[in-house]
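**Student:** Return a 3D structure for these sequence lines:
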Amino acid sequence: MLRLAVAKGRTADAVVNLFEKAGIVFTDYAHTRKLLMRDKDKQIELILVKPIDTPIYVESGAADCGIAGLDILKENEADIYPLMRLDASKCEMILAVKEGDDITDKRFLTVATKYPRITQEYFDKQNKEVKIIHLSGALELAPILNMADAIVDIRQTGKTLKENGLIAIEEFMDISACFIANKVSLKTRYAEIKTLMDKLTGGGAE
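**Tutor:** Numbering: from 1, shown residues only. Predicted structure coming up:
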């Protein structure tokens, strides 16, 4: 069986729905807390992992291929092959501040984020000096408590930003789920991986 690592949560929900459109059904997905399951035809073994760990499972060979958000792949920079983007789990990477704040003329910024690599790269392109505070969650608190001038995060609906008095002042990266492969598996199991990709393309890949 082809072993596929998928980021738990919103990505896995979207991917399982996408698989169903492609005729690949994981019957147990909605009825169990198992982290490893097989599709009904016993052709694919699905591994549910933490989003940030998905590329690591693929790079190490524990999984032949995987599906993770572009944000995770950009931040992790694992030694894998990115093969295609999927029409699933779409959102944007944004820069946000407290409503009413203006950071345009600030020469030095303090920015809170879960994505320090992406954030540094973004501000390097702006030629802006920045101090990055790496937080694992609740980024909206950083500007509210005056820990940071701004945050860099992903946005799906914008509801959390609005409820906490923040506004996005720039969108700088479109995010979606990406299909990736282990470099060895792509050579040794190319036909199986290609078949899966073809099915996903029919089910809504880009």
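**Student:** which sections of the chain are below the confidence cut-off?
**Tutor:** Counting by pLDDT under 70, the ranges of the chain that qualify are 203-206.
**Student:** Look up how far Lys128 lies from the residue lying farthest from the centre of it.
**Tutor:** With distances taken from the mean C-alpha point of the chain and given as CA atoms, centre = their mean, the most distant residue is Asp105, at 31.4 Å. Distance of Asp105 to Lys128, computed by CB to CB, to the nearest Å: 11 Å. In short, each C-beta sits where N, CA and C put it, glycine included.
**Student:** got it, and Ile72?
**Tutor:** 24 Å.
**Student:** Neighbour count: those two, which is higher?
**Tutor:** Relative neighbour count places Ile72 above the other of Ile72 and Lys128, with 23 against 14, counting by other CB atoms under 10 Å.
**Student:** Show me what the helix or strand hosting that one is packed against.
**Tutor:** For Ile72, the enclosing helix or strand under DSSP states H and E is helix 70-76. Taking 3 or more CB pairs under 8 Å, 6 or more residues apart in numbering; DSSP states H and E as the contact definition, the neighbouring helices and strands of helix 70-76 are helix 54-60, helix 116-125, strand 166-175, strand 177-181.
**Student:** Can you give the contact residues for the helix or strand just after it?
**Tutor:** Once helix 70-76 ends, the next helix or strand along the chain (criterion: DSSP H and E) is strand 81-85. Counting contacts by CB atoms under 8 Å, 6 or more residues apart in numbering, the residues outside strand 81-85 that touch it are 65, 70, 73, 176-183, 186, 193, 197, 200-201, 205-206.
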